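Visitor: Dropping the sequence and predicted coords here.
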Amino acid sequence: MTQVGRYGGEFDAVMFRYAGVGGWHFVSVPDDLSPRATHAWGRTPVVATVDGHTWRTSVWRGKGGQTALAIPKRVRNGKGDGDVVHVEVRFDSL
């Protein structure tokens with residue numbers, strides 16, 4: 001795991017599929033790389049890179065304190081639940 005600034009960095013994570021409607025895929029952001037929520041709904045804007053694909057998005061801090069990053073289908077390249085991805089998150093607004 002590589003730390004970048006106060007928050008953010010690089011890490012490898014196992015994707016998991018949310019069981020709800022739509023079946024979004026997520027990774028958990030390690031606690032030591034996660035900032036406090038800066039926007040409504042526990043959201044914090046980030047620049048995310050997963051397996052070399054970069055986009056602007058947000059991470060969400062859940063009620064249990066865990067921070068999650070949604071991985072869109074166009075970024076997953078056929079990977080899914082249980083697959084490992086390399087992630088970098090940068091928090092521009094912090």
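Guide: Cool, the structure landed.
Visitor: most centrally placed residue in this structure?
Guide: When CA atoms, centre = their mean is applied to the chain, the residue found nearest the centroid is residue 69 (2.4 Å).
Visitor: thought that residue was touching residue 46?
Guide: Yes. At 7.4 Å, residue 69 counts as touching residue 46 under the criterion of CB atoms under 8 Å. (Glycine included, C-beta is placed from N, CA and C.)
Visitor: Find the residues that touch each one of those two.
Guide: 57, 59, 89 (CB atoms under 8 Å, 6 or more residues apart in numbering).
Visitor: between those, which is closest to residue 38?
Guide: Closest to residue 38 out of these is residue 59 (10.1 Å), distances taken as CB to CB.
Visitor: and that closest one, what does it touch?
Guide: Residue 59 neighbours (CB under 8 Å, 6+ apart): 29, 34, 43, 44, 46, 48, 67, 68, 69, 89.
Visitor: Show only the entries of those found in helices.
Guide: Under the assignment DSSP state H, these contribute nothing to helices.
Visitor: I'd like the list of those residues that fall within strands, please.
Guide: Those of the contacts of residue 59 mapping onto strands are 29, 43, 44, 46, 48, 67, 68, 69, 89, per DSSP state E.
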